[in-house]
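Trainee: no letters, just coordinates:
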């Protein structure tokens, strides 16, 4: 009676070894499924089989940072920064006069420029000068021709955002 309820199986050695490996294969498949689900959550588009690159999601915080960075760069597009401009007993009129001389050599319209020193006066080092030009084209012209400045100590560079400086 008891033999009728039992099932007798006979497996060859290869099949028997294969059955032993099944639990580890099932675990590996479950891990792969979990990894695939995590990757799907990270990317908007799943892999479409055409070898296209998966695009990461841009969350609201990242998009807000990108937009504010772009706006900040647009605000600074007209600006250039100048270092090592002498400021001994200078005021904004002296700075404006000396900058007009420098910029006239670079073929830039100097009628409506604004000049500001950045930071507090310091005896040890010269402050940067922020020059606000009429348009971004003038700023690009100055940056392209900055090597033609007759005073070698003066450095001219783009007004950069904090993220540009960090990068």
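Mentor: Nice, I can see it. Computed from a predicted model, the values in this text were never measured in an experiment. Numbering: from 1, shown residues only.
Trainee: CA only for contacts and neighbour counts going forward, please
Mentor: OK.
Trainee: so where's the longest helix in the protein?
Mentor: Ordering each helix of the chain by length in residues (DSSP state H) puts helix 13-42 first.
Trainee: that helix - what's its average pLDDT?
Mentor: Mean pLDDT, computed over helix 13-42, is 87.
Trainee: got the phi and psi for residue 79?
Mentor: Main-chain dihedrals, residue 79, degrees, to the nearest 10: phi -100, psi 150.
Trainee: so it bridges to which residues?
Mentor: Taking DSSP bridges as the rule, residue 79 bridges to residue 132.
Trainee: next up, the contacts around it.
Mentor: 130-133, 136, 139, 158-159 (CA atoms under 8 Å, 6 or more residues apart in numbering).
Trainee: ok, back up a step: next one: the longest helix of the chain to chain centre, how far?
Mentor: 39 Å (CA atoms, centre = their mean, to the nearest Å).
Trainee: immediately after it, which helix or strand?
Mentor: On the C-terminal side of helix 13-42, the nearest following helix or strand under DSSP states H and E is helix 60-75.
Trainee: coming back round to it: buried residues in the longest helix of the chain, which are they?
Mentor: Across helix 13-42, burial judged by 16 or more other CA atoms under 10 Å covers no residue at all.
Trainee: just stretch 87-104 next, same as before
Mentor: So, applying 16+ other CA under 10 Å, buried residues of stretch 87-104: 87, 95-96, 99-100, 102-103.
Trainee: mind picking the two most distant members of the residues you listed?
Mentor: The largest separation in the buried residues of stretch 87-104, counting by CA to CA, is between 87 and 103 at 17.4 Å.
Trainee: hmm, back to that, and the contacts of residue 79, which of them are buried?
Mentor: Buried among those by 16+ other CA under 10 Å: 130-133, 136, 139, 158-159.
Trainee: so where's this structure uncertain?
Mentor: For the chain, residues meeting the criterion pLDDT under 70 lie at 1-8, 43-61, 88-92.
Trainee: mind doing that once more with 90?
Mentor: Applying pLDDT under 90 to the chain picks out residues 1-25, 36-67, 84-127, 134-135, 138, 141-142, 145-154, 165-167.
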